[in-house]
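[1] test case, fold it:
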Amino acid sequence: MKLPVSLASYFHDPQGGLLRPIAERLPLLCQIYDGICVVPTDASDGAVVDRFYENDCVVELQSGGVGLEFIGDSRRMALSLALEEGRGHIHIVDMDRILQWAGSHPQELRGVVRHLPQHDFLVIGRTERAMETHPQSQRETEGLANRVCSLLLGSAMDVTSASRGLSPEAARLILRHSRATECNTDSEWPLIIHCLSDMPVGYIEVEGLKFEDWLKRTDEVERAGGVEAWKRFIDEDPAAWLHRIRFAEGIVETAISTYRELCGSA
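    Now for the predicted structure:
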């Protein structure tokens, strides 16, 4: 018997760059999931948000701020919204990532969603081939963050993929204890489960979580001469490396502080 799984996602898209992939791929997501809950920022393009209303998705606008420092709030809002809907297990993932996955590996996505109810908490990471599609600045810095988190969790995992499967019990535990800002929930959430419950932190790797940032920046990509040229442009920018270093540092700091607070030492 197929057990229900809902999708929880979030996005900030003031330029409407996601409009085309949403129009193309949202109907498939509606087939795969038993419900879809989304948290767009109130600065997101209205036409993009309307697509979700038109497809009977549950929508809650996030107000009060946008930017990297608010992503932790976005994720907690999306998780809470899906939990309130009460449609079984929850798959939470960035909107551009799930659109990328649905477009590139739809059958793999279907299989993973069927697999989710077998776990209370599942980290969905990237295969080596999927990771190689990302810019070097992202691969190298996220690799370091993943290494530290893996040491704390006792098993090798790609936690920076920001894709998780949760049972209602795991979701409630996360919402009671999560306080992390920015993307630091990447490490905080699995460590909350690891330290405060008997639920194992499961792990799988998939091909579909390829590089996704280009999806809502197609104009920039075209001007650069394609996705590969755009990635080279990113890697030639020292500021992009600094951004990624700080991103990874925050995830590592949160991993260690969460482990010390909840497990006792690190």
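[2] CA atoms of the helix or strand that contains Q31 as CSV?
    When secondary structure is defined by DSSP states H and E, Q31 falls within helix 19-32. Below are the C-alpha coordinates for helix 19-32, written out as CSV (Å, rounded to 0.1, in the frame of the first residue of the first chain):
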residue,chain,number,x,y,z
LEU,A,19,7.8,30.6,-13.9
ARG,A,20,8.7,28.4,-16.9
PRO,A,21,10.1,25.3,-15.0
ILE,A,22,7.1,25.5,-12.6
ALA,A,23,4.7,25.6,-15.5
GLU,A,24,6.4,22.6,-17.0
ARG,A,25,7.1,20.5,-14.0
LEU,A,26,4.6,21.3,-11.2
PRO,A,27,1.9,19.1,-12.8
LEU,A,28,4.3,16.1,-12.4
LEU,A,29,5.0,17.0,-8.8
CYS,A,30,1.3,17.1,-8.2
GLN,A,31,1.1,13.5,-9.5
ILE,A,32,4.0,12.3,-7.4
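[3] quick one: buried residues of the least confident helix or strand in the chain by mean pLDDT?
    Sorting the helices and strands of the chain by mean pLDDT, DSSP states H and E puts helix 218-224 at the bottom, at a mean of 71. Applying a neighbour-count criterion of 16 or more other Cβ atoms under 10 Å, the buried positions in helix 218-224 are 221, 224. Any C-beta I mention is one placed from the backbone N, CA and C, and that applies to glycine too.
[4] what about it, distance to the chain center?
    Centroid separation between helix 218-224 and its chain, computed with Cα atoms, centre = their mean, to the nearest Å, is 24 Å.
[5] go through this structure and flag its longest helix.
    What stands out as the longest helix in the chain, according to DSSP state H, is helix 238-262.
[6] so which bits of that one are buried?
    Of all the residues in helix 238-262, those buried under the rule 16+ other Cβ under 10 Å are 240-241, 243-244, 247-248, 250-252, 254-259.
[7] identify the residues contacting the residue lying closest to S63 once chain neighbours are set aside.
    Distances taken as Cβ to Cβ, 6 or more residues apart in numbering place D42 nearest to S63, at 4.5 Å, with adjacent residues excluded. Under the criterion of Cβ atoms under 8 Å, 6 or more residues apart in numbering, the neighbours of D42 are 61-63.
[8] also R179?
    With contact set as Cβ under 8 Å, 6+ apart, R179 has these partners: 72, 188.
[9] try it again at 10 Å.
    R179 makes contact with 72, 76, 185, 188, 192, 254, 258, according to Cβ atoms under 10 Å, 6 or more residues apart in numbering.
[10] for my notes, confirm it occurs in a strand.
    No - using DSSP: H, G, I helix; E, B strand; the rest coil, the assignment for R179 is coil, not a strand.
[11] next, it: phi, psi?
    For R179, the backbone dihedrals (degrees, to the nearest 10) come out as phi -130, psi 0.
[12] roughly how far apart are it and E24?
    Distance of R179 to E24, given as Cβ to Cβ, to the nearest Å: 37 Å.
[13] one more: V252?
    Counting by Cβ to Cβ, the separation of V252 from E24 is 37 Å.
[14] for G143, same thing?
    If you measure G143 against E24 using Cβ to Cβ, the figure is 32 Å.
[15] swap in H91?
    H91 is 20 Å from E24, by Cβ to Cβ.
[16] out of these two, which sits in the more crowded spot?
    When H91 and E24 are compared on other Cβ atoms under 10 Å, the one with more neighbours turns out to be H91, at 24 against 12.
[17] next one: phi and psi at that one?
    phi -110, psi 110.
[18] can you map out the strands along the protein?
    Along the chain, the segments classed as strands by DSSP state E run 5-11, 35-40, 58-59, 89-93, 121-126, 163-166, 201-206.
[19] could you dump the ones you listed to CSV with distance to Q107 and mean pLDDT?
    Converted to CSV, these look like this (distance: least, Cβ to Cβ, whole Å; pLDDT from 0 to 100):
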stretch, distance to Q107, mean pLDDT
strand 5-11, 16, 96
strand 35-40, 19, 97
strand 58-59, 26, 97
strand 89-93, 16, 98
strand 121-126, 16, 98
strand 163-166, 17, 98
strand 201-206, 11, 98
